[in-house]
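K.L.:
need a 3D model of the following:
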Amino acid sequence: MRSNDSSSTKLSSTNLKRLKQYRKEIEKIDAGIFRLCLARVIAAEKIFKFKVKNRLPLRDRKRESVIKNRFYKALKQRTTKARAFKFICFLIELNAKYPV
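P.N.:
Purely as a prediction, here's the structure:
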């Protein structure tokens, strides 16, 4: 994967069009991810407040493990599995570190 975007200027118009389509696809996906992440954060805040109010432990490692395993099993492609799984783990850890 190239880090220099100037390589797109060397593409034919057909390939440049294809690249733009791929980028639009990513932008749509990103918008969906943002909406879902925001919804997840809001739900996690509700859980946090509930746990504080009811004097429950803030972290539930068993629950975190269930979530991680569910995502891991859902991932089909071996090439993307590790990166996607790390991303899910990152979200879980981030939520645990910054609950509100």
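
K.L.:
show me what the helix or strand bottoming out on mean pLDDT in the chain is in contact with.
P.N.:
Ranked by mean pLDDT, DSSP states H and E, the weakest helix or strand in the chain is helix 78-97, scoring a mean of 78. Residues outside helix 78-97 that contact it (C-beta atoms under 8 Å, 6 or more residues apart in numbering): 37, 40-41, 44, 58-59, 64, 67-68, 71-72, 75. Backbone N, C-alpha and C define where each C-beta goes, glycine included.

K.L.:
which one is V41 nearest to, not counting chain neighbours?
P.N.:
Closest residue in space to V41, ignoring its immediate chain neighbours: N95 at 7.4 Å, by C-beta to C-beta, 6 or more residues apart in numbering.

K.L.:
from K10, how far off is the one you found?
P.N.:
Distance from N95 to K10, counting by C-beta to C-beta, to the nearest Å: 42 Å.

K.L.:
show me the helices in this protein, by range?
P.N.:
13-53, 61-74, 78-97 (DSSP state H).

K.L.:
worst mean pLDDT among those?
P.N.:
Lowest mean pLDDT within the helices of the chain: helix 78-97, a mean of 78.

K.L.:
can you give me the buried ones in that helix?
P.N.:
85, 88, 91-92, 95 (16 or more other C-beta atoms under 10 Å).
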